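S.K.: Build me a model:
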Amino acid sequence: QVPLVESGGGLVQTGGSLKLSCAASGQTFESYAWFRQGPRKERELVAAIDKSSVTIYYGNSVEGRFTISRDNAKNMVFLQMDSLKPEDTAVYYCAASIYFLGSYYSIPERYTYWGQGTQVTVSS
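M.R.: Modelled structure (predicted):
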């Protein structure tokens, strides 16, 4: 199984910024996404992006504050998080699929590969 390795999580104050990175070894994926799971919450889509970076989706709670991007030459995907809020506190997961997911982008089960997760904590 191709590993995905996330980095960049940490502790930040409300209104601060963090940038998450996800490195995929040995393979370029059609679709990448960031999901998050907060305490006692279900896993939810944060953002998704296709290979061409033309099709991009954001979860309602982060649109306008977070930006997803990818570097296909480096097999990496990024999540720039600005104006962070305490409710953004969660474990953030990178996910990848070899397929263009279209309308299924928000369904975790559609992604074959997952990273271990990185903790993001926003203090009030």
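S.K.: Helix, strand or coil: sort out the residue nearest to the spatial centre of the chain for me.
M.R.: The residue lying closest to the centre of the chain (CA atoms, centre = their mean) is Trp34, at 1.9 Å. The three-state label given to Trp34 by DSSP: H, G, I helix; E, B strand; the rest coil is strand.
S.K.: For beta bridges, what are the partners of it?
M.R.: Ala47, Cys94 (DSSP bridges).
S.K.: Tell me who's in contact with it.
M.R.: By CB atoms under 8 Å, 6 or more residues apart in numbering, the residues touching Trp34 are 20, 22, 45-48, 68, 77, 79, 92-95. Where you see a C-beta, it was placed from the backbone N, CA and C, and this is true even at glycine.
S.K.: run the last query once more with 10 Å
M.R.: By CB atoms under 10 Å, 6 or more residues apart in numbering, Trp34 lies in contact with 6, 20, 22, 45-49, 58-59, 62, 66, 68, 77-79, 81, 92-95, 115.
S.K.: swap in Gln119?
M.R.: Taking CB under 10 Å, 6+ apart as the test, what Gln119 contacts is Glu6, Gly9, Gly10, Leu11, Thr89, Ala90, Val91, Tyr92.
S.K.: Now the buried members of those residues.
M.R.: Glu6, Gly9, Thr89, Ala90, Val91, Tyr92 (16 or more other CB atoms under 10 Å).
S.K.: CA atoms only: put stretch 12-29 into PDB for me.
M.R.: The C-alpha trace of stretch 12-29 is given here as PDB (Å, rounded to 0.1, in the frame of the first residue of the first chain):
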ATOM      1  CA  VAL A  12      -2.000  27.600  17.000                       C
ATOM      2  CA  GLN A  13      -4.100  30.400  18.400                       C
ATOM      3  CA  THR A  14      -7.400  31.500  17.100                       C
ATOM      4  CA  GLY A  15      -6.900  33.500  13.900                       C
ATOM      5  CA  GLY A  16      -3.600  31.900  13.200                       C
ATOM      6  CA  SER A  17      -2.400  29.900  10.200                       C
ATOM      7  CA  LEU A  18      -1.000  26.500   9.500                       C
ATOM      8  CA  LYS A  19       0.100  24.700   6.300                       C
ATOM      9  CA  LEU A  20      -0.300  20.900   6.100                       C
ATOM     10  CA  SER A  21       1.600  18.800   3.600                       C
ATOM     11  CA  CYS A  22       1.100  15.300   2.400                       C
ATOM     12  CA  ALA A  23       3.700  13.400   0.500                       C
ATOM     13  CA  ALA A  24       2.800  10.300  -1.500                       C
ATOM     14  CA  SER A  25       5.700   8.000  -2.300                       C
ATOM     15  CA  GLY A  26       6.100   6.500  -5.800                       C
ATOM     16  CA  GLN A  27       2.700   7.300  -7.400                       C
ATOM     17  CA  THR A  28       0.700  10.200  -8.800                       C
ATOM     18  CA  PHE A  29      -3.000  10.200  -7.800                       C
END
